[in-house]
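Asks: Give the three-dimensional model of this entry:
(3 chains)
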Amino acid sequence: MKKIKYLIVIFLITNLSLSNAQESDLQNKITKNLRCLICQGQSVYESDSEFANSLKLVVQNKLDEGLNEKQIYGYLKTKYGEWILFDPNFGKNTYFLWLLPIFVFIIGGVIIFKLFIIRKNK
Amino acid sequence: MASLIGFYSLIFGLCLSFIIIFYSVRNFKDSMVFDNKIIFSTFLQFFFVIVSFLGLILSFVYSDFSNETVFNNSHTTKPLFYKISGTWGNHEGSLLLWLLVLTLFIFLFLIKSKDQSKKYRILTLLFQQVIIMGFFIFLIKTSNPFNYIFPIPKEGLGLNPILQDPALAIHPPILYLGYVGSSIIFSSTLAATSLNYISKEWAKHLKQWVLISWIFLTLGILLGSVWAYYELGWGGFWFWDPVENVSLMPWLALTTLLHCILVLEKRLTLTSWVVILSISTFTLSMCGTFLVRSGILNSIHTFANDPERGLFILIFLFCLIFLSLFIFFFFHKNNDKNVDSFFWLSKETSILVNNWFMMYFLSVVLIGTVYPIFLEVISSEKISVGPPFYNKLIIPFLIPFLLAMAIGPKLKWIKSDLQDKKYLILFFIISFLLSIFIIKILNINFLLNTILVTSAFYLFFITLRDFFTKKFKNLSQNISHFGFSLLILSILFNNIFSNEIITNLKVGETFQSEKFKINFENIEKRNDQNFLAIIGKLKIESLNGNIETLRPEIRIYNQPNITTSEADIKTNLLTDKFMTMNFIQNQDYFNIRYQVKPFMIWIWFSVLIISFGGLLSLLQKRYEN
Amino acid sequence: MRIKILPLFLVISFLFIFFIFFKGLQNSNIYSPDINNEKDIPFFETKILNTNDKVNSKEIFISDKFYLLNVWASWCIPCKDEHPYLMDLSVQNNIEIIGLNYKDNDKNAKNFLKNMDNPYKVIFLDKDGTIAIEWGAYGVPESFLIYNKRVIKKIIGPLNKNSYSEIINLIK
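Replies: The predicted structure follows:
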């Protein structure tokens, strides 16, 4: 129990709260989800290329204009294609992407249940 | 000269494969005793690969630019340390390292498996030789590290500066010991399957190799992550980049195998499952090599590539897959005797649950990595699959996984009842209250976070308590699980509490935010052996009057002419203060990125704890034997 | 029977995966946005190099004439390679070349044009690179052939012989 007290004390001391950073948080969240076209392995947030820096500005401007996250993604998608989004939308191209892992999970559960639990009860 | 010796050693090494196969086949049929010539030839093959590797290292050290690999990846002004590490910092050299690990492991296997049956040892050697020959041919035919160029260039093209880093110098050898080391699991499983050799003793013997690969793979991934953290310049440590994914996939398979093989060792059930996992571990390693080396995916590790190489690995990979399928379906006899003799609440079930989740995580990573390739070929549309995808599919499933991890080890074989129910419930309530408290004082009303923190704390407390009550009964397991809870907690808190400022500053300017003041005091230049460093001096004054000076660098390398930014990181037990600086095109401003990242060091430390658990388990095995 | 279906299924799926990977090897791993889609041009306000007057792009791109919007910068080395082609195009009478000076410093940009000649009718300033993004550009140089307020062709990277003759054919 000492450990818990110690941890609480740590948190009170460090006191790293996240208030007021809402605006730039959203900007970071969006740019983390955009793929940089110059250094193609990185997100716009991570990259320091000219393109990425400008894109960060554009996202900021669009947020100031009052666009929401979705609208910004839509806007950039028309400019650069679906590829720029790291978080692919759930659509006809990505049904398999999203559902296949879930399917694997269900199948796994069924196998375990059938092989080991049902058989036991017989 | 060194190149020449290196090249001929490779040829000799390949020839020895034939000799080994000849001896092995003869020995397999004829006598009862194991022929010592085989061990000797295997050693000789290993020796030749070492000579070849040393040849390449020497060519790098002496900057012998008549060697194409050296010319492409080295430079006379490079420090000696990076000349040496540059040997495996490129496609050809790293494949030579592959070969070195392959031959090293089979040699170690032969001298360490004297108590196993002769046929099993020989067959393992034969399967391993198939892989070794494949790589010999691949190396000599498509990626010869000893190509001669004429006229001899005066100067080399240099090593990519981001690879000139101590962590990255030792990352490939460590990683390969795990990544390629899994080949021995593959070979010996195929051998055991063909001979119907699978038994409790075999499981015990295989477990050592699984542990060795697993420990090195864990450490290798850790090193890569540490490198990414301070070299790539924005303070992240995991990117879900294809190259990270392909190292994570064999790791997940190995971890699953590590748990599953326990069941085989103690209860002789789940044999088919162990066989499948052992085969898929190395297959995933090969598949990963194909994905990052062929250039089919865009990744940091995509060295200059040509399609011929990709095609070769692809065909070789599928030959191995079909070979394993053939052996599995024709030779494997399922002789599980105890399959239906365990109760739903038992250690067996808990391990199956672990396997179930691990396979799910594996499928998420695998599908996320290769899906864009499939989509592009089928519909020629290009999409990216990045961190948000993996986070969404993995994080929710971590919750039951962590809870199962806390309770699972408490169960006994066959049939069990939960003991210490009071404690289990009490600890859960404590963890829950603690997480609510933490989340509340920080004003983050996010349900998922609360539950996730709760389950991580739960595992943390349960494993912590076991250190005092269990009397070292299963210490290694407890250490690793404890490490894992610490890892998840550190990552979570690191994510939740991270704080950052990105701003543009001129020299002399001050940036003021609510929490701290950043004063850009000056810049100075320093000439180093192969780069010019521009070092900024920034003073950070936090609210409570703490003053810290950080000195991020911009390095302009001479050859290749690339600018990198070196982060300056001040680490202590609670937080890392991380700063990078970058040029802005055509302006006097510098882009300054300052981050306060709590618990960074605990992420590294917890991975060390996890692998230490593995090491302890390996040593214990030794001790018992 | 059941035992035989599983291996067959596995073999077929692995062959399928092999086929996909084999095909995938032939695709490039570097992404560049689709260049064949026609798009409406964006409108924006900015300043003009030399005069520093404010201008709305609507006043520049009037219909039934061809325009070539060229994203360039004095610090960009490939821009020097494509410069002769731009000069050649600028003497054609049914096309106007409009510059978008990307993240440049005015003095350097003026010097560049003084030394190399000026093919541009008008040069927009894009100090922070945001206008280039409106166009869907991501590097320098890039060129957009515009007709009737639509982008009818997009060239990523410097102009060369082929793209030059393509443009000549299109504007005939």
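
Asks: give me every residue that touches the nearest residue in space to residue A:55 that is not next to it in sequence.
Replies: Of all residues not flanking residue A:55 in the chain, residue A:44 sits nearest, at 5.0 Å (Cβ to Cβ, 6 or more residues apart in numbering or on different chains). (Glycine included, C-beta is placed from N, CA and C.) Residue A:44 is in contact with A:31-32, A:34-36, A:52, A:55-56, A:59, counting by Cβ atoms under 8 Å, 6 or more residues apart in numbering or on different chains.

Asks: What subset of those is buried?
Replies: A:31-32, A:34-36, A:52, A:55-56, A:59 (16 or more other Cβ atoms under 10 Å in any protein chain shown).

Asks: mind putting those residues in TSV, distance to residue B:269, pLDDT and secondary structure included?
Replies: Below are those laid out as TSV (distance: Cβ to Cβ, whole Å; pLDDT from 0 to 100; DSSP: H, G, I helix; E, B strand; the rest coil):
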residue	distance to residue B:269	pLDDT	secondary structure
A:31	50	89	helix
A:32	45	88	helix
A:34	49	90	strand
A:35	46	89	strand
A:36	50	86	coil
A:52	53	87	helix
A:55	55	90	helix
A:56	55	88	helix
A:59	55	91	helix
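
Asks: Which of the contacts of residue A:44 sits closest to residue B:308?
Replies: Here the nearest of those to residue B:308, counting by Cβ to Cβ, is residue A:35; it sits at 28.9 Å.

Asks: So what pairs up with the closest one in the strands?
Replies: Beta-bridge partners of residue A:35, counted by DSSP bridges, are residue A:43.

Asks: hang on, residue A:60 packs against residue A:30?
Replies: No: with contacts counted by Cβ atoms under 8 Å, residue A:60 stays clear of residue A:30, the gap being 9.5 Å.

Asks: Of those two, give the one with the bigger neighbour count.
Replies: Taking residue A:60 and residue A:30 together and counting by other Cβ atoms under 10 Å in any protein chain shown, residue A:30 has the greater number of neighbours (22 against 17).

Asks: Quick check: that one vs chain B, distance?
Replies: 11 Å (Cβ to the nearest Cβ, to the nearest Å).

Asks: pretty sure that residue is in a strand, no?
Replies: No: using DSSP: H, G, I helix; E, B strand; the rest coil, the secondary structure at residue A:30 is helix, not a strand.

Asks: Which single residue in chain C comes nearest to chain A?
Replies: Going by Cβ to the nearest Cβ, chain A is nearest to residue C:129 of chain C, at 3.0 Å.

Asks: Now that residue: closest residue in space, sequence neighbours ignored.
Replies: Closest to residue C:129 by Cβ to Cβ, 6+ apart is residue A:54, at 3.0 Å.

Asks: Now that neighbour, what are its backbone angles?
Replies: Backbone dihedrals for residue A:54, given as degrees, to the nearest 10, come out at phi -70, psi -40.

Asks: Which strands or helices does the helix or strand encompassing residue B:428 pack on?
Replies: Per DSSP states H and E: residue B:428 is located in helix B:421-441. Judged by 3 or more Cβ pairs under 8 Å, 6 or more residues apart in numbering or on different chains; DSSP states H and E, helix B:421-441 is in contact with helix A:2-14, helix B:447-469.

Asks: residues of stretch B:552-570 that come out buried?
Replies: Residues of stretch B:552-570 classed as buried by neighbour count (16+ other Cβ under 10 Å): B:552-555, B:557-559, B:564-569.
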